[in-house]
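1. prediction below, plus the sequence it came from.
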Amino acid sequence: MTAIDESSTRRAPAAPGAIEANGINVIQESERKGRPADLFWPWCASNISVLAVSYGAFVLGFGIGLWQGIVAAVVGAVASFLLVGLVSIAGKRGSAPTLALSRAAFGRAGNTLPCVVSYVLLVGWETVLVALSTLATATVFERLGWSHGDGTKVAAFVVVALVIVGAGIMGFDLIMRMQKYLTIALIIVTAVYVALTVDHIHLDTAKALPTGSTQSVIGAAILVMTGFGLGWVNTAADYSRYLPRRASSAGVVWWPTFGGSLPVVLLVVYGILLAGSSQSLSAAIGSDPIGALTTILPTWFLLPFAIVAVLGLVSGAVMDIYSSGLTLLTLGLPAPRWVAAAIDGVLMVVGAIYIVFYADSDFVVIFEAFLIILGVPMAAWCGVFLADVLMRRRDYDEASLFTGAGIYGRFRLSSVLFMALGTWVGWGLVIDTTGAGKHLGWLGYFLDGITVDVGSFHHTWFDLGGTGGGWAYANLGVPVALAIGFVGYLVFGFAGVRRQERALRDRTAATSDPAPATT
């Protein structure tokens, strides 16, 4: 991507019609609006998904009992969306998108690293969500006897793609309204799904599940963290940047945490009860997460189920495409925001067409494994970013966010170093959990521990059982990468942040001092 002087982007370029004009520019004070409670709707809507019900079976797959599974679901969901809430503070304080504010920690050029990782993740996930929406619709229509080959897939694909791309182009106001109505609709239809399937829950059977180890409970909680809130941290400030700077920081943290974790906790716990009541259903979910959930439904509800399944996936994809457009601008694309969103839409459509109509049946599984692996460097970035937000006592210097000559500089070694270190250690603690990815056997190199063998001295530290052990499927590398990024930058980046803030204070004082009197 060609670097450009972005000083002009501090003012939003014009946009046609009702399309949002603002991109990565700082939102003008006159345009800041809303309340922290408004953040409830986008985070709730994007996480009311039937896939969350399927996670109940994945949690029990760690060999844990009913109450252990519930604890893992609650802890994993709340902890991960607390991170989303904390990142949202930066949006309120800086009135700019997440990855644009990341320049304060990484420098103008150093920020390219997290931007590239974030962009690939966002475009990748929106592509997979569109493909899953299309395939889910085709599956339900086939059960109803309405399917006619690829015609159903084409029709579903066109409708889903148009909604997602259209919303991404229109921008913030439409997305926020859309997510509010989607939340209400999804709650209603999901409640009906629960009412129709609750008789499949057998508490005595679920309570009889054998108790697992503490290690397994921790692994299940990490799985929930990585599957939900941790995947949204690189977008959080995109939706809080329109808030007035006087808005309550506690509210900015609370509403994304509550809005995101509430549906996840309820749906994953319900999935635990369903999967714990039927071993056959649990096994079926493992091979077909959405299709298996239709087997316990009456035929007349299959169409509403398809709608709620697709809308839940679309809601997430809409937020992905909006944020990926902003990230593309942060990388240096010299274009309005809506053009960036349209470019992302083209990439999403091309990728989804390949997955739905041309790829092998296991392509989605392989691709999702690839995206999960990219979650490790994104977690390391999150640690650095949160430490940076914690250490800052002053508002961001708006001008310096858009030039390498400002107080944030072009490249900050400490942040890049600890993102890289967190990624290296994190990759050593994860594996390709699908087993279908190619060329991914190098992962998990730290799961056997660190061995020192010198002469007669032989000792192994931190042995986690290897790639076949209990920790291998826990995605342990994700929180470890986050911790390394946070602690490392907190210790070694502190002095740099203080220098930045002193420079900002001195410059502010110099510009505010009255001119000396003349005689």
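-> Received the coordinates, thanks.
2. can we go C-alpha only for contacts and neighbour counts from here?
-> Fine.
3. contacts for stretch 128-146 next, please.
-> With Cα atoms under 8 Å, 6 or more residues apart in numbering as the test, stretch 128-146 has contacts from 147, 152-153, 156-157, 160-161, 290-291, 294, 299, 302-303, 306, 309-310, 313-314, 316-317, 348, 352-353, 355-356, 364, 368.
4. what about 6 Å?
-> Under the criterion Cα atoms under 6 Å, 6 or more residues apart in numbering, residues 147, 153, 156-157, 306, 310, 313, 352, 356 lie in contact with stretch 128-146.
5. right, and the pair among those residues with maximum separation?
-> 147 and 313 (21.0 Å; Cα to Cα).
6. between the two, who's got more neighbours?
-> residue 313 (26 against 16; other Cα atoms under 10 Å).
7. now the more buried one: how far from residue 307?
-> In this structure, residue 313 and residue 307 are 10 Å apart, going by Cα to Cα, to the nearest Å.
8. what do these two both touch?
-> The contact sets of residue 313 and residue 307 do not overlap (Cα under 6 Å, 6+ apart).
9. please, where are all the helices along the stretch 201-350 of the chain?
-> If DSSP state H, counting those that start in this stretch is used as the criterion, the helices of the stretch 201-350 of the chain fall at 203-207, 214-227, 249-277, 279-287, 291-294, 302-330, 337-353.
10. and the stretch 351-500 of the chain, by the same measure?
-> 363-391, 413-427, 477-492, 494-512.
11. and residue 262, how many neighbours?
-> Residue 262: 19 neighbours (other Cα under 10 Å).
12. my bad, residue 465
-> The tally of other residues near residue 465 (other Cα under 10 Å) stands at 14.
13. so what's it up against?
-> Going by Cα under 6 Å, 6+ apart, the list of residues near residue 465 reads residue 448.
14. which helix in the chain runs the most residues?
-> Counting residues, the longest helix in the chain under DSSP state H turns out to be helix 112-144.
15. buried sites along that one?
-> Within helix 112-144, the residues that count as buried by 16 or more other Cα atoms under 10 Å are 112-115, 117-119, 121-141.
16. quick one: that helix to helix 337-353, angle?
-> Note on geometry: by axes from the mean of the first three to the mean of the last three Cα atoms, to 10 degrees, helix 112-144 and helix 337-353 are set 50 degrees apart in direction.
17. so residue 359 versus residue 138, what's the distance?
-> Distance from residue 359 to residue 138, by Cα to Cα: 16 Å.
18. an error on my part: the question was meant for residue 195.
-> 25 Å.
19. next: residue 475.
-> Relative to residue 138, and taking Cα to Cα, residue 475 is found at 32 Å.
20. thinking again about what came up before, mind checking which of the helices of the stretch 351-500 of the chain is nearest residue 249?
-> Distance to residue 249, taken as Cα to Cα, is lowest for helix 363-391 among the helices of the stretch 351-500 of the chain, at 12.3 Å.
21. and the closest one, what does it pack onto?
-> In this structure, helix 363-391 makes packing contacts with helix 413-427, helix 477-492, judged by 3 or more Cα pairs under 6 Å, 6 or more residues apart in numbering; DSSP states H and E.
22. using JSON lines, lay out the ones you listed together with mean neighbour count, distance to residue 221 and mean pLDDT.
-> Formatted as JSON lines, the helices and strands packed on helix 363-391 follow (neighbours: other Cα atoms under 10 Å; distance: least, Cα to Cα, whole Å; pLDDT from 0 to 100):
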{"stretch": "helix 413-427", "mean neighbour count": "23", "distance to residue 221": "17", "mean pLDDT": "96"}
{"stretch": "helix 477-492", "mean neighbour count": "23", "distance to residue 221": "11", "mean pLDDT": "95"}
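23. which among these is found nearest to residue 382?
-> Within the helices and strands packed on helix 363-391, the stretch nearest residue 382 is helix 477-492; the backing value is 6.3 Å (Cα to Cα).
24. so what touches the closest one?
-> For helix 477-492, using Cα under 6 Å, 6+ apart, the contacting residues are 376, 379-380, 383-384, 387, 418-419, 422-423, 426, 429-430.
25. looking at those residues, which is nearest residue 341?
-> Among the contacts of helix 477-492, and counting by Cα to Cα, the member closest to residue 341 is residue 379, at 24.4 Å.
26. what count of nearby residues applies to that closest one?
-> Residues within reach of residue 379, counting by other Cα under 10 Å, total 30.
27. try residue 231
-> Count around residue 231 with other Cα under 10 Å applied: 21.
28. next, count neighbours for the closest residue to it other than its chain neighbours.
-> Closest residue in space to residue 231, ignoring its immediate chain neighbours: residue 375 at 7.1 Å, by Cα to Cα, 6 or more residues apart in numbering. Residue 375 is flanked by 26 other residues according to other Cα under 10 Å.
29. tell me the confidence at residue 375?
-> For residue 375, the model assigns a pLDDT of 86.
30. got it, and residue 1?
-> 39.
31. please apply the same query to residue 441.
-> 82.
32. ok, residues contacting stretch 499-510?
-> With Cα under 6 Å, 6+ apart as the criterion, stretch 499-510 contacts residue 407.
33. pLDDT averaged over it - what is it?
-> 86.
34. and that stretch, how far out from the chain's middle?
-> Taking Cα atoms, centre = their mean, to the nearest Å, the mean C-alpha location of stretch 499-510 is offset from the chain mean by 34 Å.
35. just the buried positions in it, please.
-> For stretch 499-510, by 16+ other Cα under 10 Å, it's 500-501, 504.
36. output these as JSON lines; include the columns distance to residue 178.
-> JSON lines is the format used below for the buried residues of stretch 499-510 (distance: Cα to Cα, whole Å):
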{"residue": "500", "distance to residue 178": "40"}
{"residue": "501", "distance to residue 178": "39"}
{"residue": "504", "distance to residue 178": "39"}
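37. nearest to residue 106 among those residues?
-> Closest to residue 106, out of all of these and judged by Cα to Cα, is residue 500, at 12.4 Å.
38. ok, that closest one to residue 393 distance?
-> For residue 500, the distance to residue 393 - Cα to Cα - is 11 Å.
39. then residue 451?
-> 43 Å.
40. more crowded one of these two?
-> residue 451 (13 against 10).
41. was I right about the more buried one contacting residue 458?
-> No - using Cα atoms under 6 Å, residue 451 is not in contact with residue 458; the gap is 7.2 Å.
42. show me the shaky parts of the protein.
-> For the chain, the stretches flagged by pLDDT under 70 are 1-17, 147-149, 287, 360-368, 371-372, 433-438, 512-519.
43. may I ask which helix or strand encompasses the closest residue to residue 338 other than its chain neighbours?
-> Excluding the flanking residues, the one nearest residue 338 by Cα to Cα, 6+ apart is residue 169, at 4.7 Å. Using DSSP states H and E, residue 169 sits within helix 150-170.
44. which residues touch that helix?
-> By Cα under 6 Å, 6+ apart, helix 150-170 touches 19-20, 134, 138, 318, 321-322, 338, 341, 345.
45. what is the orientation angle of that helix with helix 302-330?
-> 40 degrees.
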